[in-house]
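J.: give the three-dimensional model of this entry:
(2 chains)
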Number of protein chains: 2
Amino acid sequence: MANRKKDKDNSKRINQEKNDSVNQDKATFNISKYKNFSEWYTEILKKAEIVDIRYNIKGFLVHQPWSVLAVEKMYRQIEKALQKKGHLPYFFPTLIPESNLKKEASHISKFTPEVFWVTHGGNTKFEERLALRPTSETAFYQMFSLWIRSYKDLPFKTYQRAQVFRHDTKATRPLLRDREFYWIESHCAHATEKDAINQVREDMETTKEVLHDIFGLPFIFFERPIWDKFPGAARTFAADVLNPDGKLVQQPSTHLISREFSKAFDVKFKDKDSKEKYAFLTCYGPAISRILASVIIVHGDNKGLKFPWHIAPKQVVITTIGNDKLTKNKAEQLKQRLEEAGVDTIIDNSDARPGEKFYFWEMKGVPLRIELGKNEIKSKTLMIFRRDINKKDKINESELIEYIKKTSKQYNDNLFKSADDLFKDRIVDAKSPEEAKAAIETGKIARCNFCSTNSDGIQCAEIVEKEINAEVRGTKFEKEKPKGNCVFCKKPAKEVVYIGRSY
Amino acid sequence: MANRKKDKDNSKRINQEKNDSVNQDKATFNISKYKNFSEWYTEILKKAEIVDIRYNIKGFLVHQPWSVLAVEKMYRQIEKALQKKGHLPYFFPTLIPESNLKKEASHISKFTPEVFWVTHGGNTKFEERLALRPTSETAFYQMFSLWIRSYKDLPFKTYQRAQVFRHDTKATRPLLRDREFYWIESHCAHATEKDAINQVREDMETTKEVLHDIFGLPFIFFERPIWDKFPGAARTFAADVLNPDGKLVQQPSTHLISREFSKAFDVKFKDKDSKEKYAFLTCYGPAISRILASVIIVHGDNKGLKFPWHIAPKQVVITTIGNDKLTKNKAEQLKQRLEEAGVDTIIDNSDARPGEKFYFWEMKGVPLRIELGKNEIKSKTLMIFRRDINKKDKINESELIEYIKKTSKQYNDNLFKSADDLFKDRIVDAKSPEEAKAAIETGKIARCNFCSTNSDGIQCAEIVEKEINAEVRGTKFEKEKPKGNCVFCKKPAKEVVYIGRSY
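T.: This next block holds a predicted model:
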């Protein structure tokens, strides 16, 4: 009974979504992602009901079920990977006293202009303003100083899932730059700098294991130039994902935190030699909202979304052809079998025409669709549509679970291969500012000899910004050796950098 | 390799926790929950590292891993139950404009004095103040009015997992009354009042299915008197859980929202008869932090915590006796087998003495402990300690998974039976104020004939408060018929009410 009720509700919700689509006079989604990327992105968020941007505070979104179901799966995948590596989960308060933020100078100078300030509780004005956390170093570290005593406590590896709030002055853009966004922040303390660097390396591996191997996102990790570091970091490493319009999107970054922080927050430990020492701190921040944006952008096509298997809100949709009791019961039966095998399934037994149902669920990015009618029931076969290759397979009903197991793997392989191809031939060696500019303007990334990513390189970075309208994204973690002079100032090059445009 | 590293980290964390315990000069926890409830509660939160109350904003806690792991499991259970019943998940913004809160008078009058107000973004003062959500009716309903068009869209069943913020003037108490707490809020719209009442009934069922049948919490659902309704509700129903000190803790409440709300937010639909009608709204709010408090309080004993099986942060601990390679490897092997069978397992291969390890994990409330040493490995047997009955079973290693399956069920049964016994003989029929007072003062609940739970009963409710220092908690959902007069004013009784003390 409970089950039957559920599907009534599901199909009602589906109807509602379908009605909306029909109301908008478009039963099908068809926008060229490559030619009209901006329109494609805006429209698919609306049409697939990912987020509703009509909430009445600028930069704050309502995440609809199709987002939340994916986001929760993304959280689970990242948290599993972190826990496997010994990180333990915490929940820290959403609010941080202003005095905490003020303890470290570079941190406050970057974040203060972006802080949402809480000043009153009811009618009481607080003596000290409270920040909606823009990031939580200054909350974690004060507790680290209470919790960490000895080298035996290190490494101390934590994380929390949380929202952060930034009153960013740049233009907001749904999921890519919101004023409230969903993320994980991992904060760690180590006994030595070497351990800290190894943590950074581990964070990069985690990024590959999850973002690439499960979410199918190709990226390059760069060490950011000194002028583009996280405020309070000694070194910043960040993954750049490529958009079809050639722009780069910064995804997880991991930081070697400056020693000022452990001093400011008194994060000390008694080492083996019985001496008190300041800990080495690192942090790592995968922003789930923004990763969802990349998943949508990288995998989608002109017909709509394509979700990677493991984070698809629903992995299989059963669309009924005809709404007789037999078909409905059969759909229910199949769903139960699939769910028992761990496959997230939804039934569409609405009154819409089969064609409409097909387009709708393709647009929503459901990997596999089972088309179920009397013929299939009679012949004990199933017609299954694959969103990856736009083809149908006919299988025996008895083979269903085996087919799903095999096909879900192939489906991911296909999605990921196309995604990986994005970076193919995208990196162009540029020997002059003109060559760099030409590369950038055709949606590519320019690799150049560059004077320096320390402060003595800022002038050339400004030239890149002004004349090419692009940014020095940084150097590879395993540094490449430049041969020759800086492409811009002609002084001897100390680095090989990558230049691109970003959001 | 990854696995081995993990256990190194685990055991390091364990060591740290153990060192703390030893530092506090108490390898064992031993406080009488019944005699010194307040001390017991404060100490176990600290000792088991559930929450750290030393964060520097009053009423804001740091949830430590032992809380987060349980809380996440609690979320999953409640969300699963809600999704099964057709609720779909949303994430709404943390902030709500003041004008939204002002749209409904009773709502604003209750919540305004408790709102944390955001007034600035960076240096910019907002034209309108933004509230940290104290609850989200006024955020959801404005979107409902955009999303709901027709009777076909109804019922519209949603929920979100979220934190809420209340600058409560009452004394804060960890997990029971925090200024930021974790909850789920479910908001629904219905076509008829009957559907809305059925939703309230369904919410009460959900509460039973999860809070009682999975978390093992016994409770009674009361309809609250009119003076104790949720602000903005037409009718309020709430579950009261009993503490060992005789006090009641309000757990999930479900509300029939007043029609003023759908009017204020223009939540309308076109009915079958083509007429525009205002929807009937309901909301349901299980507060996870507070439910965790009840789980701790109801199931714990003088030795510490006892977690119900399905929400135990770890279900099995393997404590090694001796730290030779053979034992460590065997522990690893067993853990892998258990995790493959879906059992959350932790290894304690620290250098602590076996007795210390035993006490420590009993205090943490892990249901089963496997004691593993050379003898066990040689004889291919396992010694398993059960936290529910404080006894050890010796089993053949080959039977492990089967044993766990069977025993986890028995374990829950034992826990839940003791919990259910809490309410046994707790309800006393009181025929006079003196009898009611005597009942309350021995930690019981008084059942009385009572004049009225409408506004004409307020005077008697005040007598209850002043003279008995207790509260009228309300009437049963399926109303009982009173025979005779009100115990307090002697007028004819319209209701049978339950009187108790609460936090």
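
J.: quick check: residue A:339 is in a helix.
T.: Yes - counting by DSSP: H, G, I helix; E, B strand; the rest coil, residue A:339 is found in a helix.

J.: chain neighbours aside, what residue packs nearest to it?
T.: residue A:345 (5.8 Å; Cβ to Cβ, 6 or more residues apart in numbering or on different chains). Where you see a C-beta, it was placed from the backbone N, CA and C, and this is true even at glycine.

J.: now the closest residue to chain B within the stretch 351-500 of chain A: closest residue in space, sequence neighbours ignored.
T.: Nearest residue of the stretch 351-500 of chain A to chain B: residue A:351, at 10.3 Å (Cβ to the nearest Cβ). What sits nearest to residue A:351 in space, not counting adjacent residues and going by Cβ to Cβ, 6+ apart, is residue A:323, at 6.7 Å.

J.: wait, the one you found sits on residue A:352?
T.: No - in this structure residue A:323 lies outside contact range of residue A:352 using Cβ atoms under 8 Å: 10.3 Å.

J.: show me where the stretch 1-150 of chain A has its helices.
T.: A:2-23, A:37-47, A:65-84, A:98-102, A:105-111, A:137-147 (DSSP state H, counting those that start in this stretch).

J.: chain B: which of the ones you listed is closest?
T.: That would be helix A:2-23 among the helices of the stretch 1-150 of chain A, by Cβ to the nearest Cβ, at 3.0 Å.

J.: can you name the farthest residue from the center of chain A?
T.: residue A:378 (44.3 Å; Cα atoms, centre = their mean).

J.: my read is that one is in a strand, agree?
T.: No - the assignment for residue A:378 by three-state DSSP gives helix, which leaves it out of any strand.

J.: now do the same for it: its pLDDT.
T.: Residue A:378 is assigned a predicted lDDT (pLDDT) of 95.

J.: list the residues that contact the residue lying closest to residue A:58 once chain neighbours are set aside.
T.: Counting by Cβ to Cβ, 6+ apart, residue A:58 lies nearest to residue A:172, which is 6.5 Å off, once chain neighbours are set aside. Contact analysis of residue A:172 by Cβ atoms under 8 Å, 6 or more residues apart in numbering or on different chains lists A:58-59, A:178-179.

J.: element containing the residue most central in space within chain A, please.
T.: In chain A, the C-alpha nearest the mean C-alpha coordinate belongs to residue A:291, at 1.2 Å (Cα atoms, centre = their mean). Following DSSP states H and E, one finds residue A:291 within helix A:288-299.

J.: and that helix with chain B, contact?
T.: No - Helix A:288-299 lies out of reach of chain B by Cβ under 8 Å from any Cβ of the partner chain, never closer than 9.5 Å.

J.: just checking, what packs against that helix?
T.: Here helix A:288-299 touches helix A:37-47, helix A:65-84, strand A:180-190, strand A:233-242, strand A:247-257, helix A:400-421, going by 3 or more Cβ pairs under 8 Å, 6 or more residues apart in numbering or on different chains; DSSP states H and E.

J.: how about a cut-off of 10 Å?
T.: helix A:37-47, strand A:51-52, helix A:65-84, strand A:156-165, strand A:180-190, strand A:233-242, strand A:247-257, helix A:400-421 (3 or more Cβ pairs under 10 Å, 6 or more residues apart in numbering or on different chains; DSSP states H and E).
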